[in-house]
Structure formats: structure tokens, C-alpha cells
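Student: need a structure here:
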Amino acid sequence: MNHLRVAIYDVLSGTPQEVSQTALQPDGMLEIFQSMPGFKAYSLLEVSPTEIMSISAWDTHGEAEEAIAAAAEWVATHIAHLIKRKYNTSASALFWEGAIA
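Tutor: Here you go, the predicted model:
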């Protein structure tokens, strides 16, 4: 079973691409997630020029919940001037098909 953290953000300044580059930098969100127990995958999606969606996959529901707190803290500390969270939750996948290359 996969457990997901899903968040939607408004882009306040800059572009979704600029936000993603910040998330990929050293000490960025990707590195933080990778250091946490149960981490499986992370993706940042451009919904529109003013909205992005963050999805991460975890081994357990509890680990997905911990990722919510870690993401909220990192956003508030590092990129609150760029994005504002609209929605942030965890969910259990009812099915998960495919392979990640």
C-alpha cells in the first residue's frame, strides 16, 4: 500500500519552474523528503502558471503525515514569499500501478 501526501499551492511570485528549482537545491524539499523514513517518490506538478501540486509517496500513513509537517515548515522558512499553501493532506492509495524508471 502506498500513502501519499498531496498539497496544492498558489504561486505568488515567479514561475512554477523557479519554485521547482528551489525545491531541488541542496537542503530543498526533495533532500529533506529523501532523508525521512519511508520516502518513496516526490513530484512537483505545474497545474497552471499560478498553481502547483506537490505529491510525495510514503510507506506508511504516519510517514505521509510527518511529511505534511516537514513540508509546511520548509515552505514557511524558505519560500513563503513564492508560494502559499491552499490544501495539504495525506491519503492511502486504493491502487498504484506502473513502474518508475
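Student: which stretches of this structure have low pLDDT?
Tutor: Within the chain, the segments meeting pLDDT under 70 span 1, 99-101.
Student: can you name the element that comes right after the helix ranked longest in it?
Tutor: Ranked by residue count, the top helix of the chain under DSSP state H comes out as helix 61-74. Downstream of helix 61-74, the first helix or strand assigned by DSSP states H and E is strand 83-92.
Student: just the C-alphas of that following strand, formatted as PDB.
Tutor: Below are the C-alpha coordinates for strand 83-92, written out as PDB (Å, rounded to 0.1, in the frame of the first residue of the first chain):
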ATOM      1  CA  ILE A  83       4.000  30.200  -2.700                       C
ATOM      2  CA  LYS A  84       1.000  29.900  -0.400                       C
ATOM      3  CA  ARG A  85      -0.500  26.600   0.500                       C
ATOM      4  CA  LYS A  86      -4.100  26.100  -0.400                       C
ATOM      5  CA  TYR A  87      -4.500  22.400   0.500                       C
ATOM      6  CA  ASN A  88      -2.400  19.800   2.200                       C
ATOM      7  CA  THR A  89      -3.500  16.200   3.100                       C
ATOM      8  CA  SER A  90      -2.400  12.600   3.200                       C
ATOM      9  CA  ALA A  91      -4.300   9.700   1.600                       C
ATOM     10  CA  SER A  92      -4.000   6.000   1.200                       C
END
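Student: who does it pair up with?
Tutor: Note on strand 83-92: by DSSP bridges, its sheet partners are strand 3-11 (antiparallel).
Student: mind listing what's buried in the helix or strand that the strand it pairs with is followed by?
Tutor: Counting by DSSP H and E, the next helix or strand C-terminal to strand 3-11 is helix 16-24. For helix 16-24, the neighbour count (16 or more other C-beta atoms under 10 Å) marks 16, 19, 20, 22, 23 as buried. From N, CA and C alone the C-beta is placed, and that goes for glycine too.
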